[in-house]
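In: Predicted structure and sequence below. I'll ask about it afterward.
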Amino acid sequence: MQSTSPDHVPGHDAQERAGQASGDAAQRLSWDDLRIIKTLSESGSRAVAASKLGINVSTVSRRVALAEAALGVTLFDRRRAGYRLTAEGLELRALCERVELDVVSVARRVSRGLHGPLGTLRITTSDSLLLYFLTPIIADFKARNAAVAVEVLVGNGALNLARDESDIAFRATRRPSESLVGRKLATIAWAPYGCATQFGRKVPAADGLYDRAWVSYAGQLSGLKASQYVERRVASGSISYRSDSVAAVSAAIAAGLGLGFLPCMLGDIMPGLVRVGPVVPELRDELWLLTHPDIRRSRRVQAFMSFCAAAVAERKALIEGREPVGGA
């Protein structure tokens with residue numbers, strides 16, 4: 001009869017071996033395996049995943065099968081509609097996302113001390129901020145930093161700087177992401193504008209302002225305070241045009257489709273527009289310049305943020321609606 005020591009627990013050796021095997025299996029998974037699993041989970045299609053990764057469909061199938069064999073679990077349900085993650089697959093997907101952020105973070109920390117103000121600087125902003133205001137600032141920055149290539153991504157939604165989608169965000173917001181660092185540059189004033197050819201000589205009377213045709217905002221911008229302000233004061237039949245783009249609304253106003261609210265930093269400098277009423281304090285917003293903590297010490301990021309902050313400070317009166325406004 002086999003004797004056992006006081007410290008020996010029956011079955012413990014088997015559990016330990018199983019745990020070691022599981023650990024060994026996890027160690028055999030490479031970052032490429034995790035990328036394939038993550039990309040397949042996003043697309044649901046082997047062909048789409050293979051195209052995004054630049055590999056063969058058979059490679060996708062083989063690597064997923066090997067990962068499942070190594071872990072001893074099924075990561076995907078294979079359905080006619082495509083590949084769908086199982087509960088175990090969802091757990092591994094969460095791991096993939098954590099590893100991805102770690103890889104991006106480490107790469108940034110390693111590279112930020114090696115490069116001067118050169119390379120590609122990616123900026124995300126909205127069309128209205130870019131159109132007449134930010135583009136001249138970028139041009140002046142480029143004139144002083146020829147080695148920096150600038151890439152601008154336009155959109156009203158917030159890009160995920162943590163996932164390396166952009167380096168700097170130039171945003172109108174009162175709630176900047178807590179995961180980002182930066183500074184508030186100014187308070188953005190909003191006022192009503194009209195077509196300069198219609199109102200260049202005589203602005204409409206204040207008591208009849210909201211009886212006229214108006215343009216307003218839709219889609220992602222329907223939650224703007226300016227949109228809600230107009231909706232409460234203008235009959236729905238008098239709002240002749242809506243758009244999810246501030247730049248498009250400004251163009252509609254200039255084309256004579258109706259009056260509309262714009263940030264003064266756009267309305268006061270865009271050709272074809274004239275301010276037809278005072279700044280409305282309750283519509284004020286904030287202008288922020290933001291970046292991710294991992295790259296805030298990058299020389300090109302620091303160079304642009306310092307340059308941009310100084311340039312914006314010189315135009316603060318425009319942004320806050322305090323510059324004298326004349327006819328077109």
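Out: That came in fine, so what should we check first?
In: switch to C-alpha atoms for all contacts and neighbour counts from now on
Out: OK.
In: can you give me the strands in the protein?
Out: For the chain, the strands defined by DSSP state E occupy 76-79, 82-85, 119-125, 148-154, 168-172, 181-188, 190-195, 214-217, 239-243, 260-263, 273-275, 285-291.
In: a markdown table for these, including mean neighbour count and distance to Ala69?
Out: Shown next, in a markdown table, are these (neighbours: other CA atoms under 10 Å; distance: least, CA to CA, whole Å):
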| stretch | mean neighbour count | distance to Ala69 |
| --- | --- | --- |
| strand 76-79 | 14 | 12 |
| strand 82-85 | 18 | 16 |
| strand 119-125 | 18 | 41 |
| strand 148-154 | 16 | 41 |
| strand 168-172 | 23 | 42 |
| strand 181-188 | 18 | 43 |
| strand 190-195 | 26 | 60 |
| strand 214-217 | 27 | 53 |
| strand 239-243 | 18 | 51 |
| strand 260-263 | 28 | 58 |
| strand 273-275 | 27 | 66 |
| strand 285-291 | 22 | 41 |
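In: could you dump those strands to JSON lines with distance to Ala303 and mean pLDDT?
Out: Formatted as JSON lines, the strands of the chain follow (distance: least, CA to CA, whole Å; pLDDT from 0 to 100):
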{"stretch": "strand 76-79", "distance to Ala303": "46", "mean pLDDT": "90"}
{"stretch": "strand 82-85", "distance to Ala303": "44", "mean pLDDT": "90"}
{"stretch": "strand 119-125", "distance to Ala303": "10", "mean pLDDT": "89"}
{"stretch": "strand 148-154", "distance to Ala303": "10", "mean pLDDT": "91"}
{"stretch": "strand 168-172", "distance to Ala303": "12", "mean pLDDT": "92"}
{"stretch": "strand 181-188", "distance to Ala303": "13", "mean pLDDT": "94"}
{"stretch": "strand 190-195", "distance to Ala303": "30", "mean pLDDT": "96"}
{"stretch": "strand 214-217", "distance to Ala303": "35", "mean pLDDT": "97"}
{"stretch": "strand 239-243", "distance to Ala303": "35", "mean pLDDT": "95"}
{"stretch": "strand 260-263", "distance to Ala303": "27", "mean pLDDT": "97"}
{"stretch": "strand 273-275", "distance to Ala303": "34", "mean pLDDT": "95"}
{"stretch": "strand 285-291", "distance to Ala303": "12", "mean pLDDT": "94"}
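In: right, so of these, which gets closest to Leu318?
Out: strand 181-188 (8.9 Å; CA to CA).
In: just to revisit the earlier point, would you list the strands of the chain in a markdown table and tack on distance to Leu95?
Out: Supplementary listing: these in a markdown table, determined by distance: least, CA to CA, whole Å:
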| stretch | distance to Leu95 |
| --- | --- |
| strand 76-79 | 15 |
| strand 82-85 | 13 |
| strand 119-125 | 27 |
| strand 148-154 | 28 |
| strand 168-172 | 27 |
| strand 181-188 | 26 |
| strand 190-195 | 44 |
| strand 214-217 | 40 |
| strand 239-243 | 39 |
| strand 260-263 | 43 |
| strand 273-275 | 52 |
| strand 285-291 | 25 |
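In: so which of those gets nearest Lys52?
Out: Using CA to CA, the strands of the chain put strand 82-85 closest to Lys52, at 15.7 Å.
In: so what strands line up beside that closest one?
Out: Using DSSP bridges, the strands paired with strand 82-85 are strand 76-79 (antiparallel).
In: Just read off the phi/psi values of the residue nearest to Tyr83 when sequence neighbours are not counted.
Out: Distances taken as CA to CA, 6 or more residues apart in numbering place Gly44 nearest to Tyr83, at 4.5 Å, with adjacent residues excluded. For Gly44, the backbone dihedrals (degrees, to the nearest 10) come out as phi 70, psi 0.
In: related to what we said a few turns ago, and Ala65, which of the strands of the chain is closest to it?
Out: strand 76-79 (9.7 Å).
In: And the contacts of the closest one?
Out: Residues outside strand 76-79 that contact it (CA atoms under 8 Å, 6 or more residues apart in numbering) are Tyr83, Arg84, Leu85, Thr86, Gly89.
In: residues contacting the nearest residue to Val312 once chain neighbours are set aside?
Out: Spatial nearest neighbour of Val312, excluding adjacent residues (CA to CA, 6+ apart): Leu185 at 6.9 Å. By CA under 8 Å, 6+ apart, Leu185 lies in contact with Glu286, Leu287, Trp288, Leu289, Ala309, Val312, Ala313.
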